[in-house]
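Visitor: here is a sequence with its predicted model. Questions after.
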Amino acid sequence: MDDAHEALGAKPSVMETRKICFLYHPRLRAFIRLRIFLRLARFSISQQYPTNTEILTIMTQSTRVLIVGAGPTGLTAAIELARRGIMPVVIEKRKTASNLSRAVGILPNSMDILTPSGAAKAIRKEAVIIQSSVFHNQDKQVSSIKMNGLRGLNKRLYALPQDRTEYHLLKVFRELGGKVNYGAEFLSLSQSDNEVSVSILGKAFRFDYVIGADGVNSTVREALRIPYEGFDLPETWSIADVDAKVWRNPRSFSIFLLKDGNVAVTVPLDKERFRVVATSKDALAALPIPMIVEKIRRSGTFKVSIRQAKTYQLGRAFLAGDAAHCHSPVGGRGMNLGIADAAELAECIANGTTKNYTAIRHPLGKKAIQMSERMRKAVTTTSFTKRFILMRLLKLFARVPSLRRRFVANTLDL
């Protein structure tokens, strides 16, 4: 007890006395005040802009990359760059993340790309595995081709609304230390041999590389004046995302080949949720088999463009995803092609081989567009002979194992 009292009431030692004197030295007090002033000044400056547009903090690293667009393509590029030690700045003109289901099918190659980051595992837990592709002539089933017979966890066709795919990609990117600057709109750019100057929200920033992953109406592509060559289909297509408790083949792609070359397709999104797409103006009305709809989450019409950028890069700026190519929904390649673009471009930037990007990806984009167009023309043909041949082939694909494996491999882009 006496020792405790002595410790509490003990006089400071000589060393402690020197420390106290040093802390109250006039020069030291002035230095401390200066440090506090500078910190407050920096804090004040940083508060002039919204926190979701603080870009400069990331731009001190050796390789500065800007990604315009936070869809599946932009987020994949962000993840793959971050995994390689390059934290990009990601901007998105939308105020918040998208809530639209849009692209649905996720192919094996995309799952392979997203496996190292852990995104594929999260997607796999939520997505629907497509068990078969079921073809109909009007309302009569013609062929049912199993899609899940190949070995390998990723060698399956998964279906998940695009907003949920984006959710999982964004979550992974944030876990890697990244962030998406929502409400930050790309305005313009100019280039030199060494860097790209970009206007964002009226402010100028400099980057080593810029990735335009901002969709079909890409402002990055427009700023680069890269031609988007192709054509638009004359007809109006339609889409509906619905809840329905009862539906034929609830875990399958159902394709209905209708009169006059029209087509309607249903895709499962969840246990009782479906996507309906048709080549006419009313997707639900186009179904030859009535669907008992509990709720319509979204419906609308859209036009289809078949286009490809003449080049995927100009100087230090690059295009990926729909900014580089677009085609009809037939074949389900769109989002998957963009994910592959993003992964390839991230690898090129990390390895210093960006000059090869267009040479690698442009031919693959062209091939995907050509494949999608062949499929679209086959299922929308108005020729009785061609329709008859197609029906016979579909039956053979279902009955002959070797032909079925080939059909599945082509469908899954294996």
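Guide: It's in.

Visitor: could you find the closest non-adjacent residue to Leu403?
Guide: Phe397 (5.1 Å; Cβ to Cβ, 6 or more residues apart in numbering). The way it works is simple: take the backbone N, C-alpha and C, and place the C-beta from them, glycine included.

Visitor: now the helices for the stretch 51-200 of the chain?
Guide: Along the stretch 51-200 of the chain, counting by DSSP state H, counting those that start in this stretch, helices occupy 72-83, 108-114, 119-126, 162-175.

Visitor: I'd like to know which of those helices lies nearest to Val198.
Guide: helix 72-83 (14.8 Å; Cβ to Cβ).

Visitor: what packs against that closest one?
Guide: strand 65-68, strand 89-92, helix 108-114, helix 162-175, helix 334-351 (3 or more Cβ pairs under 8 Å, 6 or more residues apart in numbering; DSSP states H and E).

Visitor: try 6 Å
Guide: Where contact means 3 or more Cβ pairs under 6 Å, 6 or more residues apart in numbering; DSSP states H and E, helix 72-83 is packed against strand 65-68, helix 162-175, helix 334-351.

Visitor: now, of the ones you listed, which is deepest in the fold?
Guide: Highest mean neighbour count among the helices and strands packed on helix 72-83 (mean count of other Cβ atoms under 10 Å): strand 65-68, with a mean of 28.

Visitor: and that one, what's its mean pLDDT?
Guide: Confidence for strand 65-68, expressed as mean pLDDT, is 94.

Visitor: for that strand, C-alpha coordinates in CSV please.
Guide: As requested, the backbone C-alpha atoms of strand 65-68 are provided in CSV (Å, rounded to 0.1, in the frame of the first residue of the first chain):
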residue,chain,number,x,y,z
VAL,A,65,-6.0,4.3,-65.0
LEU,A,66,-9.4,5.8,-65.4
ILE,A,67,-12.4,3.5,-66.1
VAL,A,68,-15.5,5.2,-67.5
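
Visitor: what pairs with it, parallel or antiparallel?
Guide: With DSSP bridges as the criterion, the sheet partners recorded for strand 65-68 are strand 89-92 (parallel), strand 209-212 (parallel).

Visitor: give me the number of residues near Asn410?
Guide: Residue neighbour count, defined by other Cβ atoms under 10 Å, stands at 12 for Asn410.

Visitor: got the domain boundaries for the chain?
Guide: Under the assignment automatic domain parsing, the domains of the chain span 52-104+162-232+305-380, 105-121+129-160+234-303+382-414.

Visitor: number of nearby residues for Arg387?
Guide: 17.

Visitor: who touches the most centrally placed residue in the chain in this structure?
Guide: Nearest residue to the geometric centre of the chain (Cα atoms, centre = their mean): Pro72, 0.5 Å. With contacts taken as Cβ atoms under 6 Å, 6 or more residues apart in numbering, Pro72 has the following neighbours: 165, 335, 339.

Visitor: closest one to Thr279 among the helices of the stretch 51-200 of the chain?
Guide: Thr279 lies closest, by Cβ to Cβ, to one member of the helices of the stretch 51-200 of the chain: helix 162-175, at 20.7 Å.

Visitor: hmm, who's touching the closest one?
Guide: 72, 75, 78-79, 98-103, 117-119, 122-123.

Visitor: before we move on, back to that, out of the domains of the chain, which is the most enclosed?
Guide: For the domains of the chain, average neighbour numbers computed from mean count of other Cβ under 10 Å are highest in domain 52-104+162-232+305-380, which has a mean of 20.

Visitor: give me the distance between that one and the centre of its chain.
Guide: Using Cα atoms, centre = their mean, to the nearest Å, the distance from the centre of domain 52-104+162-232+305-380 to the centre of the chain it belongs to is 9 Å.

Visitor: can you check stretch 241-249 too?
Guide: Using Cα atoms, centre = their mean, we find the averaged C-alpha position of stretch 241-249 to lie 26 Å away from the chain's own average C-alpha position.

Visitor: check stretch 233-243 too.
Guide: Between the mean C-alpha point of stretch 233-243 and the mean C-alpha point of its chain there is a distance of 21 Å (Cα atoms, centre = their mean).

Visitor: ok and the top helix by length along the chain relative to helix 334-351, angle-wise?
Guide: Scanning the chain for the longest helix, with DSSP state H as the assignment, gives helix 357-379. What separates the directions of helix 357-379 and helix 334-351 is an angle of 170 degrees, with axes from the mean of the first three to the mean of the last three Cα atoms, to 10 degrees.

Visitor: one step back: nearest spatial neighbour of the residue nearest to the centre of the chain, skipping sequence neighbours?
Guide: Beyond its immediate neighbours in the sequence, the residue positioned closest to Pro72 (Cβ to Cβ, 6+ apart) is Met335, lying 5.2 Å away.

Visitor: what about the strands in the stretch 101-250 of the chain?
Guide: With DSSP state E, counting those that start in this stretch as the criterion, the stretch 101-250 of the chain has strands at 105-106, 128-129, 132-137, 140-146, 158-159, 180-182, 186-191, 196-200, 203-207, 209-212, 228-232, 237-243.

Visitor: possible to save those strands as a markdown table with mean pLDDT and distance to Thr380?
Guide: Below are those laid out as a markdown table (pLDDT from 0 to 100; distance: least, Cβ to Cβ, whole Å):
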| stretch | mean pLDDT | distance to Thr380 |
| --- | --- | --- |
| strand 105-106 | 88 | 19 |
| strand 128-129 | 88 | 26 |
| strand 132-137 | 91 | 14 |
| strand 140-146 | 89 | 16 |
| strand 158-159 | 90 | 22 |
| strand 180-182 | 91 | 38 |
| strand 186-191 | 89 | 36 |
| strand 196-200 | 89 | 42 |
| strand 203-207 | 89 | 43 |
| strand 209-212 | 95 | 31 |
| strand 228-232 | 93 | 15 |
| strand 237-243 | 92 | 11 |
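
Visitor: please consider this matter closed, and thank you.
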